[in-house]
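Peer 1: Coordinates only, no sequence provided:
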């Protein structure tokens, strides 16, 4: 599960942002070896996906008590608190262009999480995840300039379908929400990459997460008033906020400074693999041979993409 919608250590002071007139500051990757940068990006994407799936599983435990909207609201608030403390944004120093990126990412982040969780509740996890993956797949296909890249993206998409085994549904609202989550995930990738180029450290994601949390204040207040939460439900939703929102938000930002957006789009296909692995190892859920085939296809497509040495 995503959503989607990904840091320097807290002891490190945030870098100074670019002025309204001056050119953007040089990134920390200038002069770095491409191979090292590439594998650092891969490690960050794996960390993002692992945390995302673990948080999604924990957050789902709170669905019966506060519902998807309540879980997403608590997630957003916890993620905002964590990221604001880590990123320490300075909004007064933001330029107009930077503010537009922050506002757009905040809206996308809030919409992506709510639409995906609601789609899962209406059409099931498999179909919702398959529909959502159309977003990063579109980014990967749009950025592919070689037949091998195109083939890897399509192979990963086929693997996702084989792994999730989506069931057909006539719930057009659920289908529409799944497609909305896909559009948001594609926008999230592109906005996060652009933000990584224009804002230093984690200031951009922190500001976007804070605004996203504010958007959910009226929604969350109404939901929690109608469905009083238990302490266990709040703990599960809070853990999801850290694992499925704060960690991926930062990890994705840093990864997109190191790998191309098309590569990131293909690599997001590992999320269903990680979810299936968690179900197998933690819950003892057996996998049909078609799902094993899907896993092998996704892993192979990503290995080929990684070994083709994407440029940072």
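Peer 2: Looks like it came in fine. None of the values given here were measured: they were computed from a predicted structure.
Peer 1: Distance of residue 193 relative to residue 230?
Peer 2: Using C-beta to C-beta, to the nearest Å, we find residue 193 at a distance of 39 Å from residue 230. C-beta: built from backbone N, CA, C; applies to glycine.
Peer 1: who's more crowded, these two?
Peer 2: residue 193 (19 against 11; other C-beta atoms under 10 Å).
Peer 1: if I look at the more buried one, how far off is residue 178?
Peer 2: From residue 193 to residue 178 the distance is 23 Å (C-beta to C-beta).
Peer 1: same deal with residue 83?
Peer 2: 26 Å.
Peer 1: helices and strands around the lowest-mean-pLDDT helix or strand in the chain, which ones?
Peer 2: When each helix and strand of the chain is scored by mean pLDDT, DSSP states H and E, helix 270-281 comes last, with a mean of 79. Helix 270-281 sits against helix 34-60, helix 125-143, helix 147-164, helix 289-307, with contacts defined as 3 or more C-beta pairs under 8 Å, 6 or more residues apart in numbering; DSSP states H and E.
Peer 1: Give me the residue ranges of the stretch 201-312 of the chain where confidence is low.
Peer 2: 279, 282-285, 308-312 (pLDDT under 70).
Peer 1: go again using 80 as the cut-off
Peer 2: Low-confidence segments of the stretch 201-312 of the chain, defined by pLDDT under 80: 201, 275-287, 306-312.
Peer 1: now swap in the stretch 1-150 of the chain and tell me
Peer 2: 1-38, 125-126, 144-146.
Peer 1: can you tell me how far residue 296 sits from residue 303?
Peer 2: Separation of residue 296 from residue 303 (C-beta to C-beta): 10 Å.
Peer 1: Compare these two (neighbour count), which wins?
Peer 2: Neighbours per residue (other C-beta under 10 Å) separate residue 296 from residue 303, with residue 296 holding more: 14 against 11.
Peer 1: show me what contacts the residue nearest to that one when sequence neighbours are not counted?
Peer 2: Among residues not flanking residue 296 along the chain, residue 159 sits closest, at 7.7 Å (C-beta to C-beta, 6 or more residues apart in numbering). Residues in contact with residue 159 (C-beta atoms under 8 Å, 6 or more residues apart in numbering) are 269, 293, 294, 295, 296, 297, 298, 301.
Peer 1: okay, how far is it across stretch 261-278, tip to tip?
Peer 2: Start-to-end span of stretch 261-278 (C-alpha to C-alpha, to the nearest Å) is 26 Å.
Peer 1: same check, this time on stretch 214-232
Peer 2: First-to-last distance for stretch 214-232 - C-alpha to C-alpha - comes to 23 Å.
Peer 1: Can you tell me what sits against that stretch?
Peer 2: In this structure, residues lying in contact with stretch 214-232 by C-beta under 8 Å, 6+ apart are 61-62, 65-67, 69-70, 72-74, 76-77, 80, 106-107, 110, 114, 237.
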